[in-house]
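> Pasting a predicted model and its sequence here:
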Amino acid sequence: MNDRKLRWGILGAARVNERLMPAIVEASNAELVAIASRRPGAAAETLAKYAPQQQGVRTYDNLEALLDDTEVEAVYLPLANREHAEWTLRAIRRGKHVLCEKPMALTVADIEAIEAAAREHKVTVMEGFMYRFHPQHARVWELIRSRLIGEIRSVRATYSFMMRPARLYRLAESVERGGGAMWDIGCYAIHSARMFFDEPAVAVTAIAKYVDSGADITTSGVIDFGDGKHAHFDISFERARRSEYEIIGTKGGLKCHIVWQLPGDIPVLSWWTEDGRQCEERLPAANHFRLEVEHFSESVLTGKAPLLSLDDAKANCSIIVAALQSAAQGRTEKLAP
């Protein structure tokens, strides 16, 4: 039995460490060895706040210092969206495996550069969509494969929350620099909707509301997958909290009520069929952050490809970019085949 643990470093003291840092600590095949931040004292403060019992974890006030730490094998990267590609490439070139918080990059070209570098340096890189590792989505797939709701014709993905003052940094940059709702939570809407279509998207139509910085605060739209198959997405920083998707097929429908699960939450799925059946299922709680860390660690330790490929990252990015262009230009954007 292989009991080796992957040695992790965290490249940034972002708020997501509240969930991610304990997940690394609790993961069966991972070990937290370092955290770095450019803000003096922030790395040590974050460690003390979210993993106070951990001994021997090195803290750095310099990101490069963590990348130079030979004990660090894998890096979790939660920096600002516009920095993801740059620092992922820097980590790869130091021979580090990288779990990069979504979005991996703001352009498909940057993800292609990451892909080439990862191949050259023989490291594993994955975009950090933690929700995909929650068992509730495996249950959704069981129901779909049972043909309960027939052939999938449409998906609706809604993600929103009211913006609080502490989170206004999400609106400080224009969409071109990775700011706004689409790059922050629209990634989830696009990703979760795409999960249920075998076909690639062919076009996107979107509308948006912007703030003074040029960031979108609300964006809605439709992704065309051809043959009358559509995904509707609605994301916002000025609406009540929602993280849900609903799938409509030829025989019924299925809904995941909460995608952003906290570790103690009870997942709820509901479904109905044309013949009058309906059901609400409550599933066991799970920590999708820990499951994500364990999956990535296993991929690195065993050499297996991770669940989320770089082709998946490129497909997601291409739709996000097209949606932003559609909203800005007021027209439907076609996607390259």
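Sure, I can see it.

> pretty sure residue 325 contacts residue 333?
Yes. Under the criterion of Cβ atoms under 8 Å, residue 325 is in contact with residue 333, at a separation of 5.0 Å. (Each C-beta comes from the backbone N, C-alpha and C, glycine too.)

> Between the two, which is the more surrounded one?
Remark: of residue 325 and residue 333, residue 333 carries more neighbours, 20 against 14, as counted by other Cβ atoms under 10 Å.

> Could you check how far the more buried one is from residue 297?
Summarising the geometry, the distance separating residue 333 from residue 297, computed by Cβ to Cβ, to the nearest Å, is 38 Å.

> what do you get for residue 81?
As judged by Cβ to Cβ, residue 81 and residue 297 stand 25 Å apart.

> which residues sit in contact with residue 132?
The contact partners of residue 132, by Cβ atoms under 8 Å, 6 or more residues apart in numbering, come to 191, 195, 288, 292, 307, 308.

> Out of those residues, name the ones that lie in helices.
191, 288, 292 (DSSP state H).

> State the number of residues packed around residue 285.
Counted with other Cβ under 10 Å, the neighbours of residue 285 add up to 15.

> cool, residue 29 as well?
Other residues close to residue 29 by other Cβ under 10 Å number 18.

> Residue 133 too?
Based on other Cβ under 10 Å, the number of other residues close to residue 133 is 21.

> Tell me where this structure has helices.
Taking DSSP H, the helices of the chain run over residues 17-26, 42-50, 63-67, 84-93, 108-121, 135-145, 181, 187-194, 288-302, 310-329.

> Against residue 289, how distant is the residue nearest the centre of the chain?
Closest to where the C-alpha atoms of the chain average out (Cα atoms, centre = their mean) is residue 129, at 2.7 Å. In this structure, residue 129 and residue 289 are 11 Å apart, going by Cβ to Cβ.

> what's the answer for residue 195, then?
Distance of residue 195 to residue 289, given as Cβ to Cβ: 19 Å.

> Between these two, point out the one with more neighbours.
Neighbours were counted for residue 195 and for residue 289 using other Cβ under 10 Å; residue 289 has more, 26 against 19.

> Could you check the pLDDT of residue 237?
For residue 237, the pLDDT comes out at 96.

> circling back: residue 81 and residue 297 - which one has more neighbours?
The neighbour comparison of residue 81 against residue 297 (other Cβ under 10 Å) goes to residue 297, with 26 against 21.

> wait, doesn't the more buried one sit right on residue 26?
No. Using Cβ under 8 Å, residue 297 is not in contact with residue 26; the gap is 12.0 Å.

> For this structure, identify the residue most remote from the centre.
residue 275 (36.1 Å).

> List the contacts of it.
residue 251.

> before we move on, what about residue 115?
For residue 115, the contacting residues are 125, 310, 314, by Cβ under 8 Å, 6+ apart.

> what's the answer for residue 325, then?
When contacts are counted by Cβ under 8 Å, 6+ apart, residue 325 touches residue 333.
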